[in-house]
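Engineer: here is a sequence with its predicted model. Questions after.
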Amino acid sequence: MKIVFVVPDMVGGGTERVVALLANKFVEKGYKVAVMLFAGNRVAYPLDHKVEICMAGEASGGKLTVRIKRIMRMRRFYRKNKDCCIFAFSVMGAVFSTIAAAGIPHRMLVSERNDPMKYEHQRIRNWSYQRADKLVLQTEDMKQCFPENIREKAVVIPNPVADGMPSRIEGERKKWVVSAARLEPQKNHKLLINAFAEFVKQHTDYELHLFGIGELQESLEQQVRELKICEKVIFHGFSPNVKEEIRDSAMFVLSSDYEGISNSMIEALAMGVPVISTDCPVGGSAAYIQNEESGILTPVGDKAALVRAMSRIADDPVFANRLSENAVKIKEKYSLSQIADRFLEEAGIQ
């Protein structure tokens, strides 16, 4: 049996990171693996040379003809690989695969990677999810977002911690506040920048380092200029080596309005970087962080709370070190091998 991951593209996002980790682990375990890209051709994360890459289409821009050609290419692939197990890590990947694989023997596992309530086209999403064999959710709170007939096939599998994470820094840390996330509205970098502008008034030796790309970069750069903190805020863009670049930072901040589970947050915790995260729906951050023990949770959109949390880590090294020591314990609880085995088990693959 071949395992086929279905995603729009393999650009530098959290979903793509998990797909790369699982694909490589499944190959290591001896399975045949393919990654089907249905709206692009970029691969930002390293894949084992044994992982087959299938380009099924480009971004459609809403054009029906492009989508039809995409589905036809996907159908040819599924016919060639009968009895494959489809791992759809995208809502539209699940929809297109449901259509393209109709009448062809297969199993399908769908993995929801974000807050289900934020998706606009829930009727067509639920139609395809009803036809999947399993729905993998990241938190228990996600289950309540779906009707009963979909909840019955839902299981919770958290995100894994990658093998070989850099070890925890025990000495002095750089006075960096870091974030690694797409520069998009969901991540609310505007809140982080506003909070940092307040924080840096009392902590003048700190800098804010933002890793990621996205549609809001120009507006965020303009915000930085208006706040007159240009010399304190650095935009790094996408970095494949972000772990090594942030591992000795003073703190990591996730300011999202909503999340599934942030992989960059998980990696920061696993490296022992003190983490601050908004306690956003649908509970992904709270699943990994015990407040004020392994990290700090702040209310969504609360600038004052974020400033207080940043100041506490900066001003209390004993507290910051305790967060760091406790955070790294997630490496054992959420190891990649354990999470990969859970996916195989739920997909019915021996």
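Structural biologist: Received the coordinates, thanks.

Engineer: confirm that Lys331 sits in a strand.
Structural biologist: No: Lys331: not assigned to a strand; according to DSSP: H, G, I helix; E, B strand; the rest coil it is helix.

Engineer: which regions of the protein sit below the pLDDT cut-off?
Structural biologist: Scanning the chain for pLDDT under 70 picks out nothing.

Engineer: quick one: the strands in the stretch 1-150 of the chain?
Structural biologist: Counting by DSSP state E, counting those that start in this stretch, the segments of the stretch 1-150 of the chain that form strands are 2-7, 32-37, 52-55, 84-88, 106-111, 134-137.

Engineer: adding mean neighbour count and distance to Tyr45, write those strands out as a markdown table.
Structural biologist: (Each C-beta comes from the backbone N, C-alpha and C, glycine too.) As requested, the strands of the stretch 1-150 of the chain are exported to a markdown table (neighbours: other Cβ atoms under 10 Å; distance: least, Cβ to Cβ, whole Å):
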| stretch | mean neighbour count | distance to Tyr45 |
| --- | --- | --- |
| strand 2-7 | 24 | 11 |
| strand 32-37 | 22 | 10 |
| strand 52-55 | 15 | 12 |
| strand 84-88 | 25 | 16 |
| strand 106-111 | 24 | 17 |
| strand 134-137 | 23 | 20 |
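
Engineer: let me have those in CSV, adding distance to Ala162 as columns.
Structural biologist: Rendered in CSV, the data for the strands of the stretch 1-150 of the chain read as follows (distance: least, Cβ to Cβ, whole Å):
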stretch, distance to Ala162
strand 2-7, 16
strand 32-37, 17
strand 52-55, 21
strand 84-88, 18
strand 106-111, 17
strand 134-137, 18
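
Engineer: grab the nearest non-local neighbour of Gly15.
Structural biologist: Residue 15: Thr, not Gly. Sequence neighbours aside, Arg113 is the residue nearest to Thr15 in space, at 4.6 Å (criterion: Cβ to Cβ, 6 or more residues apart in numbering).

Engineer: and that neighbour, how far from Gln217?
Structural biologist: Applying Cβ to Cβ, to the nearest Å, the value for Arg113 to Gln217 is 23 Å.

Engineer: for those two, indicate the residue with more neighbours.
Structural biologist: Counted by other Cβ atoms under 10 Å, Arg113 and Gln217 do not tie: Arg113 has more neighbours, with 24 against 16.

Engineer: contact partners for the more buried one?
Structural biologist: Arg113 makes contact with 14-15, 18, 89-90, 138, 260 under the criterion Cβ atoms under 8 Å, 6 or more residues apart in numbering.

Engineer: return the members of those classed as buried.
Structural biologist: Buried members of the contacts of Arg113, counted by 16 or more other Cβ atoms under 10 Å: 14-15, 18, 89-90, 138, 260.

Engineer: burial count for the closest residue to Gln350 other than its chain neighbours?
Structural biologist: Among residues not flanking Gln350 along the chain, Leu344 sits closest, at 7.9 Å (Cβ to Cβ, 6+ apart). Leu344: 18 surrounding residues under other Cβ under 10 Å.

Engineer: same question for Pro147.
Structural biologist: Neighbours of Pro147 using other Cβ under 10 Å come to 11.

Engineer: how far away is it from Leu21?
Structural biologist: Distance of Pro147 to Leu21, given as Cβ to Cβ: 31 Å.

Engineer: and Lys190, by the same measure?
Structural biologist: According to Cβ to Cβ, Lys190 stands 30 Å off from Leu21.

Engineer: how about Lys118?
Structural biologist: For Lys118, the distance to Leu21 equals 24 Å [Cβ to Cβ].

Engineer: quick one, which of the two is more surrounded?
Structural biologist: Leu21 (20 against 13).

Engineer: spit out the contact partners of that one.
Structural biologist: If you count contacts by Cβ under 8 Å, 6+ apart, Leu21 has them with 160, 162, 336.

Engineer: top of those by neighbour count?
Structural biologist: Ranked by the number of neighbours (other Cβ under 10 Å), those place Pro160 first, at 23 neighbours.

Engineer: picking up where we left off before, between the contacts of Leu21, which sits nearest Cys280?
Structural biologist: Distance to Cys280, by Cβ to Cβ, is smallest for Pro160 among the contacts of Leu21, at 20.7 Å.

Engineer: quick one: contacts for that closest one?
Structural biologist: Pro160 touches 18, 21-22, 334-336, 338-340, counting by Cβ under 8 Å, 6+ apart.
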